[in-house]
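Peer 1: mind looking at a prediction? Sequence and model below.
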Amino acid sequence: MVTGEMKRWETREGIHFLKKIGIRQGQAVVDFGCRVGRYSTPAALLVGPQGSVYAIDKDKDVLNTLKRKASALGIANIRTIETTGEIKLNVQETPVDVFLLYDVLHYMHENERKALYSEILQVLCLDSLLSIYPKHIATDNPADHFKNLRIDDIIRELEASGFSLEAKICGTMSHADSLVQGCILNFRKI
């Protein structure tokens with residue numbers, strides 16, 4: 001169920017947030033681990049009909065929820081991609097301009113994250129944006145094998161994988177069907 005707060009986030013506040021991180025009209029965006037589309041929806045509205053959003057998740061039910069929501073909002077530029085959980089990106093439109101990894105890294109062990117970064121490098125064009133919300137690290141509600149990692153560890157991991165840190169942007173974000181204060185890290189492919 002979408003609350004009024006979350007609907008406002010997806011149709012207004014989230015658009016402003018994604019503009020702030022650098023998403024623009026006409027771009028191709030991947031939302032990896034999209035769930036019900038808390039970032040896919042505002043991204044689709046922001047990039048407009050000339051842009052596209054690839055919403056990737058392994059849960060068919062959440063992708064169906066996203067499809068229904070997009071239809072109700074008149075959004076036609078979201079392409080849902082169901083994955084079996086493998087680290088293989090089946091994105092038709094390459095290169096991609098922006099890749100979102102929001103609140104998903106803590107599900108992966110280090111080798112899986114490195115494999116994903118390698119896949120992302122393949123679909124991003126030079127100077128494209130990789131935007132990460134590293135939730136559940138040591139200083140932010142730690143989770144499982146991610147609990148000993150800090151922001152600096154994530155930055156080093158990504159820089160070793162071919163990305164350069166561009167900015168840390170903080171503000172109100174969507175997390176687990178509510179709004180929280182958080183920070184994202186923007187990287188560029190180098």
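Peer 2: On my side now, so go ahead.
Peer 1: buried stuff in stretch 102-120?
Peer 2: Within stretch 102-120, the residues that count as buried by 16 or more other CB atoms under 10 Å are 102-106, 108, 113-117, 119-120. Glycine gets a C-beta too; all of them are placed from N, C-alpha and C.
Peer 1: quick one: least confident of these?
Peer 2: Among the buried residues of stretch 102-120, His106 has the lowest pLDDT, at 79.
Peer 1: looks like it contacts Lys135 (just checking).
Peer 2: Yes - when contacts are counted by CB atoms under 8 Å, His106 is listed as touching Lys135 (6.6 Å).
Peer 1: could you pull out the helices for the protein?
Peer 2: Per DSSP state H, the chain carries helices over the ranges 4-8, 14-21, 40-47, 60-72, 110-123, 151-160.
Peer 1: packing partners for the first one?
Peer 2: The one in question is helix 4-8. Counting contacts by 3 or more CB pairs under 8 Å, 6 or more residues apart in numbering; DSSP states H and E, helix 4-8 packs against strand 178-189.
Peer 1: at 7 Å what do you get?
Peer 2: On a contact count with 3 or more CB pairs under 7 Å, 6 or more residues apart in numbering; DSSP states H and E, helix 4-8 meets no helix or strand.
Peer 1: and that helix, average pLDDT?
Peer 2: Computed over helix 4-8, the mean pLDDT rounds to 91.
Peer 1: buried residues of that helix, list them for me.
Peer 2: Met6.
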